[in-house]
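In: the amino acid sequence is not available; the structure is as follows:
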C-alpha cells in the first residue's frame with residue numbers, strides 16, 4: 001500500500017527535551033525525598049500516567065506521589081524552557097522539508113498537552129508543518145497502547161498502514177507498531193533492544209538519515 005503519511009512523536013525526537021525531562025523528574029522527586037535516578041525515568045519514557053504510576057511505585061515505593069512530583073517537574077522544566085527555550089534535533093529541518101515536498105500528510109502524536117506542544121513547535125517554527133496534532137489527553141489510552149497513533153491516522157484520513165511513525169523510545173515504537181504503522185526509530189537516550197528492533201521498519205541515528213528510508217517509498 002502506498003505510504004501517504006508520517007506521524008511524529010515530539011519530545012526526544014523533534015525537540016531535545018528528553019534530557020530535560022530526566023533532569024527535572026529526578027530533581028523534583030529528590031526534593032520530596034524519593035531516590036529517583038536516570039534509570040527510573042528511562043522506564044517511564046512516553047508512558048501515560050496510568051502505566052507509569054505502578055512502575056514508579058514498584059521501583060521507588062508505594063508512597064511515591066506521582067502527581068505531586070510531576071507538578072514539581074513541570075514547574076522546574078517550564079522555568080528552564082522560559083529561560084533557555086527548546087532545541088530542535090539534528091536534521092529536523094531537512095526531514096520536514098523533504099516530507100512536505102513529497103506530499104506526505106503529517107501529524108504529531110505526543111503525550112505532551114496541546115498548549116505546550118503548540119508552544120514548543122511554534123518556538124522552533126515547525127507548528128505549521130503539521131496537518132494534525134494529537135496529544136495524550138485527547139485519547140483514552142496513552143502510549144504504549146495504540147490509541148494515539150490510530151487517532152492520528154484517522155485525522156489524516158489514512159489507514160495506519162499508510163503511515164510511517166517516527167519515535168525515539170521503545171514505548172513509543174510499541175504504540176506505533178500495535179497501531180499498524182511502519183515504525184522508524186531515531187534513538188535519543190538509548191539504543192533499541194532486540195525486542196524493539198523486531199518492530200522497526202527502519203533505524204536512523206538522526207532525522208536526516210530518515211530521508212533515504214522515505215525516499216525508497218516515493219520512487
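Out: Thanks, I have the structure now. Everything quoted here is computed from the prediction, not taken from an experiment.

In: nearest residue to residue 61 other than its sequence neighbours?
Out: residue 34 (7.3 Å; CB to CB, 6 or more residues apart in numbering). All C-beta atoms are positioned from the backbone trio N, CA, C, and that covers glycine.

In: repeat that for residue 180.
Out: Counting by CB to CB, 6+ apart, the residue nearest residue 180 is residue 160, at 3.9 Å.

In: count the residues that sit near the one you found.
Out: Neighbourhood size, residue 160 [other CB atoms under 10 Å]: 21.

In: now do the contacts for it.
Out: Residues in contact with residue 160 (CB atoms under 8 Å, 6 or more residues apart in numbering) are 149, 150, 153, 179, 180, 181.

In: ok so, going back, the residue nearest to residue 61 touches residue 64, doesn't it?
Out: Yes - between residue 34 and residue 64 there is a contact under CB atoms under 8 Å: 5.9 Å.

In: which neighbours do those two share?
Out: The contact lists of residue 34 and residue 64 share no entry, where a contact means CB under 8 Å, 6+ apart.

In: wait, is residue 109 part of a helix?
Out: No - applying DSSP: H, G, I helix; E, B strand; the rest coil, one finds residue 109 to be strand, outside a helix.

In: tally of neighbours for it?
Out: 33.

In: so how far is residue 65 from it?
Out: Using CB to CB, to the nearest Å, one gets 28 Å for the distance from residue 109 to residue 65.

In: just the endpoints, please. Distance across stretch 165-173?
Out: Length of stretch 165-173, first residue to last, CA to CA, to the nearest Å: 8 Å.

In: so for it, what gets flagged as buried?
Out: Using 16 or more other CB atoms under 10 Å as the test for burial, stretch 165-173 gives 165, 166, 167, 168, 169, 170, 171, 172, 173.

In: run a quick neighbour tally on the nearest residue to the first one once chain neighbours are set aside.
Out: Nearest residue to residue 165 in three dimensions, chain neighbours excluded: residue 176, at 3.3 Å (CB to CB, 6+ apart). Burial measure for residue 176: 31 neighbouring residues, criterion other CB under 10 Å.

In: I'd say residue 176 and residue 147 touch.
Out: No - with contact defined as CB under 8 Å, residue 176 does not reach residue 147; the gap is 11.4 Å.

In: which ones are touching the residue nearest to residue 49 when sequence neighbours are not counted?
Out: Once flanking residues are discounted, residue 49 sits nearest to residue 66: 6.5 Å by CB to CB, 6+ apart. By CB under 8 Å, 6+ apart, residue 66 lies in contact with 49, 52, 53, 56.

In: top of these by number of neighbours, please.
Out: Ranked by the number of neighbours (other CB under 10 Å), the contacts of residue 66 place residue 56 first, at 24 neighbours.

In: check the closest residue to it other than its chain neighbours and give its pLDDT.
Out: Leaving aside its sequence neighbours, residue 56 sits nearest to residue 64 (CB to CB, 6+ apart; 5.1 Å). Looking at residue 64, its pLDDT stands at 95.

In: and the next helix or strand past the longest helix along the chain?
Out: The single longest helix within the chain, with elements called by DSSP state H, is helix 66-84. For helix 66-84, the following helix or strand on the C-terminal side (DSSP states H and E) is helix 92-101.

In: now for that next one, which elements pack on it?
Out: strand 105-110, helix 211-218 (3 or more CB pairs under 8 Å, 6 or more residues apart in numbering; DSSP states H and E).
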